[in-house]
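> model this:
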Amino acid sequence: MTTLLGHLSRALPAIRASEDQADRVAYARDLWPREHLAVRAGHPAEHRPGAIAWPSSTIEVAELVRWAGAARVPLIPFGAGSGVCAGIRPHDGAVVVDLKRMAAVRRLEPRVPLVEVEAGHMGVPLERTLNRSGLTLGHFPSSILCSTVGGWIATRSAGQCSGAYGKIEDMTVALECVTGEGQIVSLKRRTSGPDLVPLVVGSEGTLAVVTSATLRLHPAPTSRSFGAWSFRSTHLGWEAVRAMFQAGLRPAVARLYDPFDAMLARHGRGQSAVRAVDGAEQTPGRGGAALRAILKRPRVLNDLLHSRPAASLLGGALLVVVFEGTWDSSLRGMREARGIVEGMRGTWEGEGPARRWMDRRYSVSYRQAPVFANGSFVDTLEVAARWSDLGRLYEAVRRALGEHVFVMAHFSHAYPDGCCIYFSFAGTADPGRARDRGWDEATTMTYDRAWNAALAAAIDAGGTLSHHHGVGRSKAPRLPAELGVGIGVVRALMGAFDPAGILNPGNLLPASATTTATATTTATTTTTSITLDRESLLVCVDGEVTLASLEHSLDQAGLTLASVFPSPSLSVGQWLARGAPGSRDRWLDPVDHLVAGLDATLTDGRRISIRPAPRRAVGPDLAALFLGANGRFGRVDRAWLRVHHRGVSPPTSHPFEHERDPALSREERALLDGIERSLAGRPRH
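Okay, the predicted model is just below:
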């Protein structure tokens, strides 16, 4: 028995633990594709933990964290290992904490409706349990067969039906967590007060170990309607999606495929770069050689397939839509969608493509291994931007990737203010570099160049680095370019929640980072007091502008904030600091958010910028430090707010009968005090 496991077992004999070599290999990594390249090169699982522990209760997790803090042993929270961003990368001095023995449904309240479920519960069994009570969470990530509730929370996950139910952050009512000091805390969502939940959701195991989540539910759908349309161009397709969501329609699924991706769908091959090379990757040898030959000159192939003649020959872009709910609501939604889409030059293709997508919705994720075995790779990148930046983001990232790999894309997870673009790509070694460095090293170099170019292009085009996969270690080097001063704020949050730095160290943030000039310039640029982005239905407004002035300006443009203000003389900054009282209840339409981005000044004078983008997944949601916090951590200098067309009735989901503003607990107050001290650089005691 090693010293590490010996110390752990003597201190906490009731907690199951192991140092077995098979266990250490199994828990050495997640599904980051770059690690697959290392396996092929003969370097499997080099980052192995010293031990693995399987706590079975929150109390055991707290005991484990307290032991680790005293012994300065890093802990790596682990769900099912299906992440793709290197969120799991331990070393022999660390303990991986597998939470899957904590899988109880603690409470199910159909009348509210909500469920309290432990973090280790797997996705499919949870949904089946809810369905037996006539309910659904509405969360269906592609990894649902191999992911846990805790993993969804950690990465700010999105499911395939986000168009109706939102992302996991829109479902989270409360969290039970264990902080880095071993304290058990319950964090609750609030409308008009400090809300710590958005800080932990998306923190990727670096702030606390999530042990259970209370999640909002919906009635399980009793009916679905399906539809598909083709478009001459991808741009026309996303304009139709934008029109649907801004008109108040909430299809559970709205996925737009670019022409090549659409061609695969029409022929029943599914989507993604994995299926694009499906014929060549079945066996090593001749098939593998054919695949590598295809991928050696990706720029030529990309230019050809993205030309206008090719788009026409391939049949154009394809939009598949699924509405679900009752028989009446699903049919009504599809009827209204047809009116919008076909009025925007979409050609009806019937129900078939959408039904085929539903039948194959989880199949693509499990076909990657033969591609890697043949000396190539496949991967995905999900970025997002407001509608007015979407075309720029699409072209920039597609061209950046296209210099190095074969690339295709679909648009999913749409919102009234913007959309996610999900790029799939495949590549292999550059022949020249392969001769000098060997095939495996040259393939890894291609992979790294493609990723670096794509992330840089996403930032330059005004997008966010991640929409739902998170950051891990793979995107961390580029995070300062998006967060700027926010990098230091996240570090301060880590100091408040986990002062010893034992929770998943090295994840999420780069080892060392300075604020880039670009980020600083973005944060300090001044604008006119009110600027309208009509395409995205967003208004950028200075914090000092009064609500009355803002609403008057919007009224002249036929728009409104759709809020009942407690006092029109309040400034926008004051209103947001109070939690935007009188704004529409967030639970009525989980797909819609009031604040898309903001610039703020911390109490120590540092200025932070959160770029406007829909549902970013780049660590803790730092806007929570300013919305509803009553100025405790700083002031809002300007905000990007969602506006609505006058006279358009906003959509309303099933009622959610839960307290909106629960009282702050003693533990929450202590954490807020700790955050304030950490941001100010003051000692804890």
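> And the residue nearest the centre of this protein?
Nearest to the geometric centre of the chain sits residue 468, at 1.7 Å (Cα atoms, centre = their mean).
> Report the spatially closest residue to that residue, excluding sequence-adjacent ones.
Spatially, and ignoring its direct neighbours in sequence, residue 468 is nearest to residue 158 (3.6 Å; Cβ to Cβ, 6 or more residues apart in numbering). From N, CA and C alone the C-beta is placed, and that goes for glycine too.
> Retrieve the pLDDT associated with the residue nearest to the centre of the chain.
The model reports residue 468 with a pLDDT of 97.
> looking at this, residue 244 is in a helix?
Yes: according to DSSP: H, G, I helix; E, B strand; the rest coil, the state of residue 244 is that of a helix.
> pLDDT wise, what is it at?
So, for residue 244, pLDDT stands at 98.
> you'd agree it is up against residue 340?
Yes: if you go by Cβ atoms under 8 Å, residue 244 and residue 340 touch, sitting 5.5 Å apart.
> okay, and the common contacts of the two?
Common neighbours of residue 244 and residue 340 (criterion: Cβ atoms under 8 Å, 6 or more residues apart in numbering): none identified.
> neighbour count winner among those two?
Neighbour count, other Cβ atoms under 10 Å: between residue 244 and residue 340, residue 244 has more, with 24 against 16.
> Stretch 600-609: how far from the chain's middle?
Relative to its chain's centre, stretch 600-609 lies at 25 Å (Cα atoms, centre = their mean, to the nearest Å).
> Kindly export it (C-alpha atoms) in CSV.
This file holds the C-alpha atoms of stretch 600-609, laid out as CSV (Å, rounded to 0.1, in the frame of the first residue of the first chain):
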residue,chain,number,x,y,z
ALA,A,600,-18.5,46.6,-14.2
THR,A,601,-16.0,48.2,-11.8
LEU,A,602,-15.0,46.3,-8.7
THR,A,603,-14.8,48.0,-5.3
ASP,A,604,-10.9,48.2,-5.7
GLY,A,605,-11.2,50.1,-9.0
ARG,A,606,-10.5,47.2,-11.4
ARG,A,607,-12.8,47.1,-14.4
ILE,A,608,-14.2,43.8,-15.7
SER,A,609,-15.9,43.1,-19.0
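> Pull the residues that contact that stretch.
Residues from elsewhere that reach stretch 600-609 (Cβ under 8 Å, 6+ apart): 484-486, 488-489, 519-520, 522-524, 597-599, 610, 622, 625-626, 632-637, 679-681.
> Surely residue 629 and residue 194 touch.
Yes: using Cβ under 8 Å, residue 629 makes contact with residue 194 at a distance of 5.2 Å.
> So which elements touch the helix or strand containing residue 199?
Using DSSP states H and E, the element containing residue 199 is helix 197-200. Helix 197-200 sits against strand 172-179, strand 184-188, with contacts defined as 3 or more Cβ pairs under 8 Å, 6 or more residues apart in numbering; DSSP states H and E.
> cutoff 6 Å now
Packing partners of helix 197-200 (3 or more Cβ pairs under 6 Å, 6 or more residues apart in numbering; DSSP states H and E): strand 172-179.
> Just want the angle from the strand it packs on to strand 184-188.
For strand 172-179 against strand 184-188, the angle by axes from the mean of the first three to the mean of the last three Cα atoms, to 10 degrees is 160 degrees.
> Can you name the next helix or strand after the longest helix belonging to the chain?
Ranked by residue count and defined by DSSP state H, the top helix of the chain is helix 439-460. Sequence-wise, the next helix or strand downstream of helix 439-460 (DSSP H and E) is helix 479-483.
> Not counting stretch 668-676 itself, show me its contacts.
The list of residues contacting stretch 668-676 from outside it, by Cβ atoms under 6 Å, 6 or more residues apart in numbering, reads 194, 496.
> From residue 559, how far out is the residue lying closest to residue 11 once chain neighbours are set aside?
If the residues on either side of it in the chain are set aside, residue 11 comes closest to residue 67, at 5.0 Å by Cβ to Cβ, 6+ apart. For residue 67, the distance to residue 559 (Cβ to Cβ, to the nearest Å) stands at 56 Å.
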